[in-house]
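Participant: 3D model of this:
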Amino acid sequence: MAAYQRGQSVKLSVAFTDANGAAANPTMVTCKVEEPDKTETTYTSISVPAITNPSTGAFQLILAPDQSGNHTYRWTGTTGAAIAVDEDQFHVLLSMFA
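Facilitator: Down below sits the predicted model:
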């Protein structure tokens with residue numbers, strides 16, 4: 001699990017492919033992030049910060065988390081009847097400063 005300092009930029013990324021393994025953009029992409037206090041936030045292309053799409057199939061979200069502890073995130077992409085999902089975690093270190 002990757003570890004970051006509190007307030008440091010964290011780039012979450014995912015790559016979506018079609019049934020043939022070729023890079024593909026889903027119709028809708030969301031990223032749900034659960035913070036250590038169990039607060040959940042769902043990000044989209046119109047949220048702030050927004051999910052970006054730098055190339056076909058590649059999506060990213062840049063956060064600056066302010067809570068120490070384990071953060072869990074889940075990407076979901078929907079293309080027609082197909083749904084692709086990816087989950088992971090990162091850890092934000094406890095700061096020696098208040």
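Participant: for Thr56, what are its contacts?
Facilitator: Contacts for Thr56 (Cβ atoms under 8 Å, 6 or more residues apart in numbering) come out as Ala23, Ala24, Asn25. For glycine as for every other residue, the C-beta is placed from the backbone atoms N, C-alpha and C.
Participant: So how do I select the buried members of the residues you listed in PyMOL?
Facilitator: Selecting only the buried entries of these in PyMOL, with 16 or more other Cβ atoms under 10 Å as the criterion:
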select buried, resi 24+25
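Participant: Partner strands of the helix or strand of the chain with the lowest mean pLDDT and their direction?
Facilitator: Lowest on mean pLDDT, DSSP states H and E among the helices and strands of the chain sits strand 82-92, with a mean of 89. When pairs are called by DSSP bridges, strand 82-92 turns out to pair with strand 2-4 (parallel), strand 69-79 (antiparallel).
Participant: List the contacts of that strand.
Facilitator: Contacts for strand 82-92 (Cβ under 8 Å, 6+ apart): 1-6, 10, 12, 14, 16-17, 19, 26, 36, 65, 67-77.
Participant: ok, back up a step: between the strands paired with strand 82-92, which one is nearest to Ser45?
Facilitator: strand 69-79 (11.7 Å; Cβ to Cβ).
Participant: So for that closest one, what gets flagged as buried?
Facilitator: Quick answer for strand 69-79 (16+ other Cβ under 10 Å): His71, Tyr73, Arg74, Trp75, Thr76, Gly77, Thr79.
Participant: which outside residues touch it?
Facilitator: 1, 12, 14, 16, 18, 24-36, 59, 65, 83-92.
Participant: Kindly recompute the last result at 6 Å.
Facilitator: Residues from elsewhere that reach strand 69-79 (Cβ atoms under 6 Å, 6 or more residues apart in numbering): 12, 14, 16, 26-36, 84-87, 89-91.
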